[in-house]
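# Provide a 3D model corresponding to the input given below.
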Amino acid sequence: MTDSLIAIVPAAGVGQRAGRPDLPKQYRLLAGQPMLRWAVAALLADARIGQVRVAVSPGDERAGAALAGLPRTVCRPCGGPTRAATVAAALDDSNAADSDWILVHDAARPGLPPDALARLIDACLADAVGGLLALPVADTVKAGGPRVRATLDRDGLWLAQTPQMFRAGVLRAALAAVQAGGGTVTDEASAIEAAGHAPLLVPGAMRNFKVTWPDDFELMEKWL
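Residues are numbered from 1 along each chain as shown. Purely as a prediction, here's the structure:
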């Protein structure tokens with residue numbers, strides 16, 4: 001393998017749904033360590049990832065202490081107003097070659113297991129497009145609010161996780177196209193799809209859930 005694997009962790013958000021407006025959720029402690037540190041350490045578990053680049057907001061004074069001592073880790077104050085803007089800025093800041101692989105991972109997914117990460121990398125290295133970790137939907141899905149409008153067929157529906165892994169050149173172009181068109185995306189795969197590609201769906205893991213709501217912190221601590 002000659003092309004580099006670079007991980008990007010967008011960590012410029014404040015996590016408004018997590019219930020602590022005074023402390024961005026990526027710095028909340030889980031089993032004694034900031035959640036961001038857990039997420040980065042999970043990526044470092046695979047030696048094929050040459051570098052983890054954490055993108056934080058300009059003026060962020062917490063990231064240095066949260067990441068202190070971690071190998072192969074760079075923290076850059078290039079965070080933007082949206083996830084897509086942060087990832088695009090971090091990608092540009094990385095100087096990655098178009099052929100390099102980029103793995104984007106949520107700071108709020110500290111439970112990423114090593115085998116799921118390895119499964120994603122193995123699958124994507126053999127693919128022309130790349131892909132993402134995801135889980136098939138198991139629950140019945142309702143559309144509506146506050147009343148049900150419809151029950152959706154869950155067959156073929158997946159819950160997207162991260163990391164999401166794509167070539168740097170393809171991801172850079174896809175994010176630029178979304179921005180130029182005035183659109184919004186909530187993950188990198190959406191931008192890749194909008195560019196006409198079909199990412200791989202690679203089976204993820206239950207413990208790789210996104211810490212979003214206040215109760216999620218206690219549940220994640222049990223996994224960790």
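# which secondary element of the chain has the worst mean pLDDT?
Here the helix or strand of the chain ranked lowest by mean pLDDT, DSSP states H and E is helix 214-223, holding a mean of 93.
# Which secondary structure elements does that helix sit against?
Under the contact definition 3 or more CB pairs under 8 Å, 6 or more residues apart in numbering; DSSP states H and E, helix 214-223 sits against strand 29-30. C-beta here means a position set from N, CA and C on the backbone, and glycine is covered the same way.
# C-terminal to the strand it packs on, what's the next element?
Downstream of strand 29-30, the next assigned helix or strand under DSSP states H and E is strand 33-34.
# any idea how far that following strand is from the chain center?
With CA atoms, centre = their mean, to the nearest Å as the basis, strand 33-34 stands 18 Å off its chain's centre.
# What are the contacting residues of that strand?
Outside strand 33-34, the residues that touch it by CB atoms under 8 Å, 6 or more residues apart in numbering are 26, 27, 28, 62, 66.
# rerun at 10 Å
Strand 33-34 is contacted from outside by 23-28, 40-41, 62-63, 65-67, 107, 110, 224, using CB atoms under 10 Å, 6 or more residues apart in numbering.
# in the least confident helix or strand of the chain, what counts as buried?
Within helix 214-223, the residues scored as buried using 16 or more other CB atoms under 10 Å are 216, 217, 220.
# so where do the strands sit in this protein?
Secondary structure of the chain (DSSP state E): strands at 5-10, 29-30, 33-34, 51-55, 73-76, 101-104, 130-136, 141-144, 148-152, 158-167, 200-203.
# quick one, which of these is nearest to residue 83?
strand 5-10 (5.5 Å; CB to CB).
# angle of that closest one against strand 51-55?
Angle, strand 5-10 to strand 51-55, by axes from the mean of the first three to the mean of the last three CA atoms, to 10 degrees: 20 degrees.
# so who does the most centrally placed residue in the chain touch?
Central residue of the chain (CA atoms, centre = their mean): residue 105, 2.5 Å from the mean position. By CB under 10 Å, 6+ apart, the contact set of residue 105 is 7-10, 39-40, 42-43, 49, 52, 54, 112, 117, 133, 161-165, 208.
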